[in-house]
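Q: This is a predicted model, with the sequence first.
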Amino acid sequence: MLRALLRRWASYRYRFAPWIALHLRHKRRTIRYVPDESKDKIISDEDVLETLLKIFKALFVNDFSRQMDYFTLLPEVKSKYPELPTLQFKISKRSCSHQSQNIFNPEEVLFNTLGFSITRAQSSLISAGTGVFVTKGFVPKGAVVSMYPGTVYQKFEPIFFQSIGNPFIFRCIDGILIDGNDKGISKAVYRSCSKRDQLGPFQMSDTTWLTRAVQNPLSVGQYVNNCSHNKTANVCYQEFDVPECFPIELKQYLPNITYSHDVPAPLRCVVLVSLREIEQGEELFSNYYTIVN
Ligand SMILES: C[S@@+](CC[C@H](N)C(=O)[O-])C[C@H]1O[C@@H](n2cnc3c(N)ncnc32)[C@H](O)[C@@H]1O
């Protein structure tokens with residue numbers, strides 16, 4: 001009996017442990033079944049990488065006046081962005097009249113690049129707090145819609161104090177944990193790890209998801225709520241390991257950082273991928289329960 005129970009628990013790839021523990025007794029819970037661990041991904045890593053590079057490059061170009069350190073210290077970076085001289089002209093004209101450096105805000109860049117924008121707002125579910133909505137445009141099936149920000153902990157790393165009363169601890173399919181809480185001790189840990197990994201003026205991760213003014217508009221995935229029987233899941237989580245070849249100038253938009261400095265593994269990110277077309281005004285819902293056979 002005990003062995004059967006343990007086997008069942010081991011087959012759960014529960015995404016949010018406290019939420020599962022509280023709702024395990026509910027008979028009508030929604031579950032996502034995956035036939036095999038290798039079949040968990042909806043889209044390929046190459047597609048995820050392509051989308052992230054596309055949006056990060058657009059954010060970088062849009063915000064290029066803040067990137068002068070890259071151009072001065074790493075001249076090869078500038079040669080990768082041939083569109084910059086024209087933009088520089090547009091920006092200097094605009095900043096004279098508006099005292100503004102960005103041409104577009106990050107949500108507009110997202111809309112212009114991927115065809116939709118998302119934001120946090122009061123959930124359409126009663127007492128579910130904040131949720132994430134598509135505010136403009138539409139999301140096609142199989143697209144990267146959002147990212148799950150936070151500090152990445154290997155299975156053996158200490159997370160006890162950060163996890164107390166914390167509903168934002170996400171569990172990856174291989175047991176790696178991501179703490180996406182933007183408050184309290186979790187926030188302090190993320191900021192400290194981010195500062196630790198900074199290379200001179202070059203940031204290796206984004207810290208703005210800890211504030212209301214996000215620099216990477218995809219980094220709100222920690223606020224996506226669990227589906228219900230009336231509101232079925234329209235997105236699902238997918239792990240993505242950042243390859244070594246990832247451009248240094250775009251790392252400033254990655255919303256994840258490893259807890260330990262000396263882990264010889266690639267940086268783990270988690271993206272949310274659309275399971276169907278999602279229209280303007282719809283709330284995003286994921287599934288906090290996954291069973292891998
Ligand atoms: C990862 S957080 C999601 C963000 C959360 N809504 C907030 O405002 O902070 C997970 C928590 O959201 C709430 N939640 C998520 N899905 C829900 C649902 N379907 N119904 C009620 N509460 C939900 C629960 O409190 C859960 O512990």
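A: Received it, and whenever you're ready, just let me know what you need. Numbers count the residues shown, from 1 in each chain.
Q: and the nearest residue to Glu282 once chain neighbours are set aside, what element?
A: Residue nearest to Glu282 in three dimensions, not counting chain neighbours: Val134, with 5.4 Å by Cβ to Cβ, 6 or more residues apart in numbering. All C-beta spots, glycine's among them, are computed from the backbone N, C-alpha and C. Following DSSP states H and E, the helix or strand that holds Val134 is strand 130-137.
Q: Name every strand pairing with the helix or strand following that strand and say which way it goes.
A: Tracing the chain past strand 130-137, the next element assigned as helix or strand by DSSP H and E is strand 144-147. Each strand pairing with strand 144-147, determined using DSSP bridges, is listed with its direction: strand 268-274 (antiparallel).
Q: So which residues make contact with the strand it pairs with?
A: Residues from elsewhere that reach strand 268-274 (Cβ atoms under 8 Å, 6 or more residues apart in numbering): 42-43, 48, 52, 139-148, 152, 170, 172, 176, 178, 218, 221, 224, 234-242, 254-256, 258, 284, 286.
Q: And the next helix-or-strand element following that strand, what does it pack against?
A: Using DSSP H and E, the helix or strand that directly follows strand 268-274 along the chain is strand 285-286. Contacts defined by 3 or more Cβ pairs under 8 Å, 6 or more residues apart in numbering; DSSP states H and E place strand 285-286 against strand 225-226, strand 235-241.
Q: is the longest one up against the ligand anywhere?
A: No - with Cβ under 6 Å from any ligand atom as the criterion, the ligand is not reached by strand 235-241; the gap is at least 11.2 Å.
Q: For that strand, buried residues please.
A: Applying a neighbour-count criterion of 16 or more other Cβ atoms under 10 Å, one finds 235-240 buried in strand 235-241.
Q: Only the buried residues of the following helix or strand past that strand, if you could.
A: For strand 235-241, the following helix or strand on the C-terminal side (DSSP H and E) is strand 256-258. For strand 256-258, a neighbour-count test (16+ other Cβ under 10 Å) marks 256-258 as buried.
Q: Any chance of CSV for those residues, columns distance to the ligand and pLDDT?
A: Below are the buried residues of strand 256-258 laid out as CSV (distance: Cβ to the nearest ligand atom, whole Å; pLDDT from 0 to 100):
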residue, distance to the ligand, pLDDT
Asn256, 16, 98
Ile257, 19, 98
Thr258, 21, 97
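Q: got JSON lines for these, with distance to Ile103 too?
A: Rendered in JSON lines, the data for those read as follows (distance: Cβ to Cβ, whole Å):
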{"residue": "Asn256", "distance to Ile103": "27"}
{"residue": "Ile257", "distance to Ile103": "29"}
{"residue": "Thr258", "distance to Ile103": "33"}
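Q: between the residues you listed, which is closest to Val189?
A: For the buried residues of strand 256-258, the minimum distance to Val189 (Cβ to Cβ) is 9.1 Å, reached by Ile257.
Q: didn't the closest one look like it was pressed against Ile178?
A: No - counting by Cβ atoms under 8 Å, Ile178 is not a contact partner of Ile257; they are 10.1 Å apart.
Q: Next, show the common contact partners of these two.
A: Shared contacts of Ile257 and Ile178, defined by Cβ under 8 Å, 6+ apart, are found at 151-152.
Q: Show me where the stretch 51-200 of the chain has its strands.
A: Read by DSSP state E, counting those that start in this stretch, the stretch 51-200 of the chain holds these strands, from start to end of the chain: 116-122, 130-137, 144-147, 150-153, 169-171, 177-179.
Q: re the thing from before, quick one: contacts of the strand holding Val134?
A: By Cβ under 8 Å, 6+ apart, the list of residues contacting strand 130-137 from outside reads 107, 111, 115-125, 145-146, 220-221, 223-225, 278-284.
Q: go on, stretch 225-237?
A: 15-16, 19, 28, 30, 32, 42, 123-125, 128-129, 131-132, 145-146, 148, 170, 224, 270-276, 278, 282-288.
Q: and that stretch, which residues are buried?
A: In stretch 225-237, the ones that count as buried by 16+ other Cβ under 10 Å are 225-227, 231, 233-237.
Q: Tell me the one of those residues nearest Leu74?
A: Closest approach to Leu74 among those (Cβ to Cβ): Tyr237, at 33.7 Å.
Q: Enumerate the beta-bridge partners assigned to the closest one.
A: On DSSP bridges, the residues paired with Tyr237 through beta bridges are Leu272.
Q: Next one: it from the ligand, what distance?
A: Computed as Cβ to the nearest ligand atom, to the nearest Å, the Tyr237 to the ligand distance reads 11 Å.
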